[in-house]
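Undergrad: need a structure here:
(2 chains)
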Number of protein chains: 2
Amino acid sequence: MSLLVVGTVAFDAIETPFGKTDKIVGGAATYISLAASFFTKHIFLVSVIGDDFPQETLEFFRKKNINLDGLEIVKGGKSFFWAGRYRYDLNSRETLATELNVLADFVPRLPSPARAPDFVMLGNLTPAVQMEVIRQLIRRPRIIAIDTMNYWMNNALEELLIVIRSVDLLIINDEEARQLSGENSLRKGARKILAMGPQYIVIKKGEHGALLFNKRGEVFFAPALPLEDVVDPTGAGDSFAGGMMGYLDKTRSVNFENLKRAVICGSATASFCVEKFGTQRLEEVKNFEAKERIQNFPKLTRYTMS
Amino acid sequence: MSLLVVGTVAFDAIETPFGKTDKIVGGAATYISLAASFFTKHIFLVSVIGDDFPQETLEFFRKKNINLDGLEIVKGGKSFFWAGRYRYDLNSRETLATELNVLADFVPRLPSPARAPDFVMLGNLTPAVQMEVIRQLIRRPRIIAIDTMNYWMNNALEELLIVIRSVDLLIINDEEARQLSGENSLRKGARKILAMGPQYIVIKKGEHGALLFNKRGEVFFAPALPLEDVVDPTGAGDSFAGGMMGYLDKTRSVNFENLKRAVICGSATASFCVEKFGTQRLEEVKNFEAKERIQNFPKLTRYTMS
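TA: Model (predicted):
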């Protein structure tokens, strides 16, 4: 099995009520790939960076079996950079700086073996770039999943709707689902979005968990683990998507029961991500820790009605 | 078994993005009692109203086996009145008017049979009034539960802490738990609040469900049902508490497993409450509907890890 991940590999500078970082490694595809690597050893990462990007991180990716043949390195170019500040409750943030740099001219080029993956996760990118990836696939994957954001709904809705029609799974947050559907009720919103094409939608609610819907009106709720400390929410949504898709790639089945398990794995992976700044916690998680956390998840919601 | 409910019985005027009401029947004890009556037939309601309160509502209470011997009716007095407006997302509201009226001089007087209840639910009231109820009990109930609000934390913290030390279960929302504990993490906050006295705490998160904690560090998460339409959140928290305490009174057991079931029943009852304005939906719910909704709850979070 194999998972193709396309998205940003970048630098972030993050400020939360609990501290701030200098430029550290970030980007959607970074989080997605690291999270997926908890579950699968066959990941193709397709992205673009400048030659300012640290070699150690690339080495670390390779150690995690993340194939970098599709990672374009622009000589003399600067990697995408984002700076942001979270407010006290960590539920909202403001962007302090966005420098597209090498991302501005990014045209993804899938290396041959990455053109027939079993699963695809397209991080938040211009819909045109997401579509270009889909065009380069030579075989229909089991699931193509995408993330997106309000910005593309406001500025490239037509292209975005074409992408949505072409994929199987949308993984977006509650605010995005409300804007895309025009419905305040997430249940109604999910139904409207599923009518746009995809078989499944996952609506992420941050610290409040995530909802999975299919076209038959079934719904599943995965809680977020109540944590001792949330230090930095950056990358949580991408870690969720990566954990989910990594689990699917490992287990292959795409029925609703297995999607439920995948959503739980996404939630568990995201719960690690937010415990430290940036990718730090994801990088240091031991296999037994990940296993233990996933095994403890059912306890959180399990009960029997007498 | 029997459940003593003390709280406001009042008029509300409610404005939401979906409509507005004239003066309608509301109040914490109204919602708590109606919700509890889904499960138990032995409810003592202790409160105060003016003689402006509709006879039909009192008749309806009696039909639901809600004993009104402890409901003081002040001749020539006006019932407590609250007016509020919800914002678009229904998660925040502003108070437009609060008229204490007969509530200003309320001293609860428990009729004899209400002094030895098995369960007690004290709605949001002055801590001094909550304490007065506890003083009038002639036997230790299985569980005394209270609700409270930020206002009392700001204006009567010392009295509130004495009440909290005297009770078994605190049922408050996430914002209140954060203020009371001074912790942003609900897990840490719960631990701090449990150290103040109670055996259990339920932290309500509105449309995001509720968390139950005990002193042994166990935690249970009950989701909120994703609804087609939320019309009016007024009384949802009280319906939650009423459903939870009504279920406990019916089933008697107060171990953690049964508390989990009770929290699920609270969530199910609250999910009815918000579907129409005021108490309307709670009043019209049929037994089979309540049963069906509670039976469907486990589906929402059930999965097996293969």
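
Undergrad: drop to CA atoms for contacts and neighbour counts, all remaining ones
TA: Noted.

Undergrad: ok so A:E94 is a strand residue?
TA: Yes: according to DSSP: H, G, I helix; E, B strand; the rest coil, A:E94 belongs to a strand.

Undergrad: against A:E207, how distant is it?
TA: A:E94 is 18 Å from A:E207, where distance means CA to CA, to the nearest Å.

Undergrad: which strand or helix spans A:Y303?
TA: When elements are assigned from DSSP states H and E, A:Y303 belongs to no helix and no strand.

Undergrad: nearest spatial neighbour of the residue nearest the centre of chain A, skipping sequence neighbours?
TA: Among the residues of chain A, the smallest C-alpha distance to the mean C-alpha position (CA atoms, centre = their mean) belongs to A:D238, namely 2.6 Å. Distances taken as CA to CA, 6 or more residues apart in numbering or on different chains put A:I32 closest to A:D238, at 5.1 Å, once the chain neighbours are dropped.

Undergrad: which pLDDT value belongs to that neighbour?
TA: A:I32 carries a pLDDT score of 98 in this model.

Undergrad: confirm it sits in a helix?
TA: Yes: membership of A:I32 in a helix is supported by three-state DSSP.

Undergrad: that one: what's it in contact with?
TA: A:V5, A:G123, A:D238, A:S239, A:F240, A:A241, A:G242, A:G243 (CA atoms under 8 Å, 6 or more residues apart in numbering or on different chains).

Undergrad: please list the residues of the stretch 51-200 of chain A that sit near chain B.
TA: Proximity of the stretch 51-200 of chain A to chain B (CA under 8 Å from any CA of the partner chain) is limited to residues A:D89, A:N184, A:S185, A:L186, A:R187, A:K188.

Undergrad: a markdown table for those, including secondary structure?
TA: Formatted as a markdown table, the entries for those read as follows, by three-state DSSP:
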| residue | secondary structure |
| --- | --- |
| A:D89 | coil |
| A:N184 | coil |
| A:S185 | coil |
| A:L186 | helix |
| A:R187 | helix |
| A:K188 | helix |
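
Undergrad: among these, show me the least confident.
TA: Within those, the minimum per-residue pLDDT falls on A:D89 (79).

Undergrad: hang on, that residue packs against B:N184?
TA: Yes: at 7.2 Å, A:D89 and B:N184 qualify as touching, with contact defined as CA atoms under 8 Å.

Undergrad: apart from its neighbours in sequence, what residue is nearest A:D22?
TA: Spatial nearest neighbour of A:D22, excluding adjacent residues (CA to CA, 6+ apart): A:A13 at 5.4 Å.

Undergrad: so the one you found sits in a strand?
TA: Yes: note on A:A13: a strand contains this position according to three-state DSSP.

Undergrad: partners of it in the sheet?
TA: For A:A13, the beta-bridge partners under DSSP bridges are A:A83.

Undergrad: residues touching it, list them.
TA: A:A13 makes contact with A:K20, A:T21, A:D22, A:K23, A:I24, A:F81, A:W82, A:A83, A:G84 under the criterion CA under 8 Å, 6+ apart.

Undergrad: what do you get if the cut-off is 10 Å, keeping everything else the same?
TA: A:20-26, A:81-85, A:96-97, A:278 (CA atoms under 10 Å, 6 or more residues apart in numbering or on different chains).

Undergrad: in the longest helix seen in chain A, what's buried?
TA: In chain A, taking DSSP state H as the definition, the longest helix is helix A:256-273. Within helix A:256-273, the residues that qualify as buried by neighbour count (16 or more other CA atoms under 10 Å in any protein chain shown) are A:256, A:258-273.

Undergrad: extract the C-alpha trace of that helix and format it as CSV.
TA: Below are the C-alpha coordinates for helix A:256-273, written out as CSV (Å, rounded to 0.1, in the frame of the first residue of the first chain):
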residue,chain,number,x,y,z
PHE,A,256,-17.5,2.9,7.3
GLU,A,257,-16.4,0.8,10.3
ASN,A,258,-12.8,1.2,9.3
LEU,A,259,-13.2,4.9,8.6
LYS,A,260,-14.4,5.2,12.2
ARG,A,261,-11.2,3.6,13.4
ALA,A,262,-9.2,5.8,11.1
VAL,A,263,-10.9,8.9,12.6
ILE,A,264,-10.0,7.7,16.1
CYS,A,265,-6.4,7.3,15.0
GLY,A,266,-6.5,10.8,13.6
SER,A,267,-7.7,12.1,16.8
ALA,A,268,-5.1,10.2,18.8
THR,A,269,-2.3,11.5,16.5
ALA,A,270,-3.5,15.1,16.8
SER,A,271,-3.6,14.8,20.5
PHE,A,272,0.2,14.2,20.5
CYS,A,273,0.8,17.1,18.1
